[in-house]
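**Student:** build me a structure from this.
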Amino acid sequence: MIGIFGGTFDPVHYGHLRSALEVKEIFGLDEVRLILSAKPPHRAAPIASIGMRLEMLQLAVKKQPGFIVDTREIARAGASYMVLTLESLRQEFPNQPLLLFIGSDAFNKLENWHQWQRLFEFAHVVVLTRPGHRVGQLEPFFIERQTTHQTELKQELAGKLYFQAITQLDISATVIRNIFADRRNPAFLLPDSVIAYIKQHKLYQAHNVH
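**Tutor:** Next up is the predicted model:
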């Protein structure tokens with residue numbers, strides 16, 4: 001099974017990395033693909049350039065086995081729609097279950113995503129929640145696809161909805177950027193290699209709110 005994490009990674013931090021590692025272990029994934037969103041359609045443009053975000057992500061996972069930085073959204077023209085990314089991954093891995101991991105906030109806005117229903121054609125959707133979180137009333141579309149059995153994610157290539165509680169570190173990229181702008185110490189929020197890169201390139205020197 002292949003796990004898929006999308007994000008702007010502006011910058012990548014331990015909240016991203018811990019979640020990715022935890023689901024890799026929980027689901028016994030062969031690999032986790034970190035998809036760098038080149039042109040996110042549902043949020044403001046990232047502060048750091050595509051190239052810099054890519055280099056930070058590569059530094060962050062350099063020594064982590066099974067973590068792959070996937071650049072297909074950089075190579076593809078236009079907005080970074082996840083449905084197109086999953087379609088491309090499905091063509092590359094026709095016989096592997098694909099698991100798209102998203103947070104509960106993203107799931108609550110899923111119907112705003114481009115061709116969101118087609119996500120299930122290419123992958124399972126796994127919603128990451130905090131321990132103790134209770135799933136509310138779901139729309140019929142989701143009820144039909146929900147499973148509570150992890151084995152079904154291995155037996156089928158795509159199409160299931162699954163909720164998984166994990167340890168979620170309350171770390172925000174916006175807060176990190178503002179820490180750098182304030183010249184404060186960002187230690188223990190993101191890898192030292194990424195901190196060094198940000199300082200070297202003088203990134204995030206002004207405050208921002210997104």
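**Student:** give me the longest helix you can find in the chain.
**Tutor:** As assigned by DSSP state H, the longest helix anywhere in the chain is helix 14-27.
**Student:** who are the packing partners of that one?
**Tutor:** Here helix 14-27 touches strand 2-7, strand 31-36, strand 98-103, strand 124-129, going by 3 or more Cβ pairs under 8 Å, 6 or more residues apart in numbering; DSSP states H and E. C-beta: built from backbone N, CA, C; applies to glycine.
**Student:** quick check: phi and psi on the most far-flung residue of the chain relative to its centre?
**Tutor:** Outermost residue of the chain with respect to the C-alpha centroid, by Cα atoms, centre = their mean, is R183; its distance is 27.7 Å. The phi and psi values for R183, taken as degrees, to the nearest 10, are phi 60, psi 30.
**Student:** coming back round to it: mind putting the helices and strands packed on helix 14-27 in JSON lines, mean neighbour count, mean pLDDT and distance to H207 included?
**Tutor:** As requested, these are exported to JSON lines (neighbours: other Cβ atoms under 10 Å; pLDDT from 0 to 100; distance: least, Cβ to Cβ, whole Å):
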{"stretch": "strand 2-7", "mean neighbour count": "22", "mean pLDDT": "96", "distance to H207": "22"}
{"stretch": "strand 31-36", "mean neighbour count": "22", "mean pLDDT": "97", "distance to H207": "24"}
{"stretch": "strand 98-103", "mean neighbour count": "21", "mean pLDDT": "96", "distance to H207": "25"}
{"stretch": "strand 124-129", "mean neighbour count": "22", "mean pLDDT": "95", "distance to H207": "29"}
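**Student:** just the pLDDT for the residue farthest from the centre of the chain.
**Tutor:** The per-residue pLDDT reported for R183 equals 94.
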